[in-house]
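J.: Quick one, what's the 3D model for this:
(chains A and B)
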Protein chains: 2
Amino acid sequence: MPQTPFAPIRRFILAGLTVAGLLLPAAGAAARPTADGSPAKAPRTLRSVAFLVVDGVYNTELTAPLDVFQHVRFHSADDWPETFLVSPDGRSVTSFEGLTIQPDYSFANAPPIDLLVVPSAEGSMTSDLDNQALLDWVRRTGRKARHVMSLCDGAFVLAEAGLLDGLEATTFPGDQDRFEARFTRVKLVRDVIFVDAGHALTSVGGARSFDVALWLVEQLYGVKAARGIGQGLVLDWDATSVPHRLARP
Amino acid sequence: MPQTPFAPIRRFILAGLTVAGLLLPAAGAAARPTADGSPAKAPRTLRSVAFLVVDGVYNTELTAPLDVFQHVRFHSADDWPETFLVSPDGRSVTSFEGLTIQPDYSFANAPPIDLLVVPSAEGSMTSDLDNQALLDWVRRTGRKARHVMSLCDGAFVLAEAGLLDGLEATTFPGDQDRFEARFTRVKLVRDVIFVDAGHALTSVGGARSFDVALWLVEQLYGVKAARGIGQGLVLDWDATSVPHRLARP
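T.: Numbering: from 1, shown residues only, chains lettered A, B, ... in the order given. Here you go, the predicted structure:
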């Protein structure tokens, strides 16, 4: 996607902002009045972005959006989300590609979630759709969240939980027929990289999982932040060059 | 990168080949004569692909090439590499983006490595270059390996270990001046996505970390395997559309 010649980028200098970032108020605290009576800061745009991880999760569909949202802090110093992983029982999961990943929280102790991200997993079209505890948590958490986002066949999980009812959505190209046949209350969109239906954003996934995350960053934090994050990832972010569908109610 | 309309892809059916894959001989065993005296199978093209992980490793520069090489088994049923992670002491590492990842091996007990992959990490241009144990292991392992590959500033580690001496190489665009000034025995190549210098392949990294891995898969396993893996990752792989430099001795 990026074209040469590249603009100079200093991702690693920006990374030094991490320390400053730690001085920001903890999640949820930003809207409280300050101790000295000065005006309270506005609530942060997204206090938290949570990534659902289960055994068989696909690496890239976890790490691409995680990288984008975690890097917001280097391009939006006053307003950036915490990012964390949630697994059903809080125990480590093994990704489809064999990575052993330790999540930060379980369903039982996850903090409030403003954006719930559901990457594809090996069981997204099969066993995960029979897992009522998983679906209940996704439904409950997704309804309370400001946004939900799926990558690839994570859309099957969102749809089964009812979170895509009446909305337009997309999924992995090779699984779109199956999605359309199963979820008659969802309007499948083909031939796009992602769909923004307001509450729910859905992506074809794979290596294109960066795009939908950069899109939402652009909407919430501005195009400069999105382009800066893209540059750090050697992506020349330009929403107009990415086929997508805006279908907000 | 992928263009619409998408061809139908059945990544998840292909994933069912995992079970068959487990019946293949273990790494290193493929060249041994069979028990019934039938001709021994040819040695596998790459028996193993190892990913060096240290604290501060960047997610995408680990997972993009890991996904590509791990997926070879679904597109080359008789000949695919084991993939595993190696950290200095075998203990878990925390990625730059906060993932807690458990490696498979330590420097002390890692099995033979045919391809050593060095993703960028937060310390790739600083503290990692002062870590003699790290550099010694990379030098020793890299010299024995058939290939070494770096993503982004992983090139600094390969170069400091002497593995790029006399070769052409590239690194993260924003760090190319620094690389060129430090490593006078390496010929820096700008304005490319990756360089194939034979023993050493180097990439600009970020979201373009898929490309160099798909390139090497194409060289070793054929274009059909590379394109199939690309499709599963929603990438329309075509080496001719990716700026790169062939600089084999």
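J.: how about low-confidence regions in chain A?
T.: A:1-43 (pLDDT under 70).
J.: which residues of it fall in strands?
T.: A:48-52, A:82-87, A:93-94, A:100-102, A:105-106, A:115-118, A:147-151, A:168-169, A:187-188, A:194-196, A:200-203, A:244-246 (DSSP state E).
J.: Mind putting those strands into JSON lines with distance to chain B and mean neighbour count?
T.: Backbone N, C-alpha and C define where each C-beta goes, glycine included. Formatted as JSON lines, those follow (distance: least, Cβ to the nearest Cβ, whole Å; neighbours: other Cβ atoms under 10 Å in any protein chain shown):
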{"stretch": "strand A:48-52", "distance to chain B": "10", "mean neighbour count": "26"}
{"stretch": "strand A:82-87", "distance to chain B": "7", "mean neighbour count": "22"}
{"stretch": "strand A:93-94", "distance to chain B": "9", "mean neighbour count": "18"}
{"stretch": "strand A:100-102", "distance to chain B": "4", "mean neighbour count": "18"}
{"stretch": "strand A:105-106", "distance to chain B": "12", "mean neighbour count": "14"}
{"stretch": "strand A:115-118", "distance to chain B": "13", "mean neighbour count": "28"}
{"stretch": "strand A:147-151", "distance to chain B": "10", "mean neighbour count": "29"}
{"stretch": "strand A:168-169", "distance to chain B": "16", "mean neighbour count": "23"}
{"stretch": "strand A:187-188", "distance to chain B": "13", "mean neighbour count": "18"}
{"stretch": "strand A:194-196", "distance to chain B": "11", "mean neighbour count": "25"}
{"stretch": "strand A:200-203", "distance to chain B": "9", "mean neighbour count": "30"}
{"stretch": "strand A:244-246", "distance to chain B": "11", "mean neighbour count": "16"}
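J.: Including distance to residue A:233, could those go into TSV?
T.: TSV is the format used below for the strands of chain A (distance: least, Cβ to Cβ, whole Å):
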stretch	distance to residue A:233
strand A:48-52	16
strand A:82-87	15
strand A:93-94	24
strand A:100-102	20
strand A:105-106	26
strand A:115-118	17
strand A:147-151	16
strand A:168-169	25
strand A:187-188	29
strand A:194-196	16
strand A:200-203	16
strand A:244-246	18
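J.: Of the ones you listed, which is nearest residue B:132?
T.: Taking Cβ to Cβ, strand A:100-102 is the member of the strands of chain A nearest to residue B:132, at 28.2 Å.
J.: what helices or strands is the closest one leaning on?
T.: strand A:93-94, strand B:100-102 (3 or more Cβ pairs under 8 Å, 6 or more residues apart in numbering or on different chains; DSSP states H and E).
J.: So what are the sheet partners of the first one and their directions?
T.: Sheet pairing for strand A:93-94, assigned by DSSP bridges, gives strand A:100-102 (antiparallel).
J.: centroid residue for chain A?
T.: residue A:117 (4.0 Å; Cα atoms, centre = their mean).
J.: ok, it to residue A:149 distance?
T.: 5 Å (Cβ to Cβ, to the nearest Å).
J.: Overlap of the contact sets of those two?
T.: Here residue A:117 and residue A:149 have residue A:65 as joint contacts, going by Cβ atoms under 8 Å, 6 or more residues apart in numbering or on different chains.
J.: that older thread, check contacts around the residue nearest to the centre of chain A.
T.: Residue A:117 neighbours (Cβ under 8 Å, 6+ apart): A:49, A:50, A:51, A:52, A:65, A:66, A:69, A:148, A:149, A:150, A:151, A:154.
J.: Which residues does the third one form beta bridges with?
T.: It refers to residue A:51. residue A:85, residue A:117.
J.: Looks like it contacts residue A:62 (just checking).
T.: Yes. Using Cβ atoms under 8 Å, residue A:51 is in contact with residue A:62, at 5.8 Å.
J.: Identify the contacts common to the two.
T.: A:85, A:119.
J.: Helices of chain A, residue ranges please.
T.: Using DSSP state H, the helices assigned to chain A run over residues A:11-14, A:17-21, A:59-70, A:132-144, A:154-160, A:176-182, A:209-221, A:223-232.
J.: Including mean neighbour count, could those helices go into JSON lines?
T.: Converted to JSON lines, the helices of chain A look like this (neighbours: other Cβ atoms under 10 Å in any protein chain shown):
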{"stretch": "helix A:11-14", "mean neighbour count": "18"}
{"stretch": "helix A:17-21", "mean neighbour count": "12"}
{"stretch": "helix A:59-70", "mean neighbour count": "29"}
{"stretch": "helix A:132-144", "mean neighbour count": "16"}
{"stretch": "helix A:154-160", "mean neighbour count": "28"}
{"stretch": "helix A:176-182", "mean neighbour count": "15"}
{"stretch": "helix A:209-221", "mean neighbour count": "25"}
{"stretch": "helix A:223-232", "mean neighbour count": "22"}
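J.: so which of these gets nearest chain B?
T.: helix A:59-70 (3.9 Å; Cβ to the nearest Cβ).
J.: Could you tell me the angle between the direction of that closest one and that of helix B:59-70?
T.: Helix A:59-70 and helix B:59-70 are oriented at 170 degrees to each other (axes from the mean of the first three to the mean of the last three Cα atoms, to 10 degrees).
J.: ok so, going back, can I get the helices and strands packed on strand A:100-102 in TSV including distance to residue B:185?
T.: Compiled in TSV, the helices and strands packed on strand A:100-102 are given as follows (distance: least, Cβ to Cβ, whole Å):
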stretch	distance to residue B:185
strand A:93-94	41
strand B:100-102	33
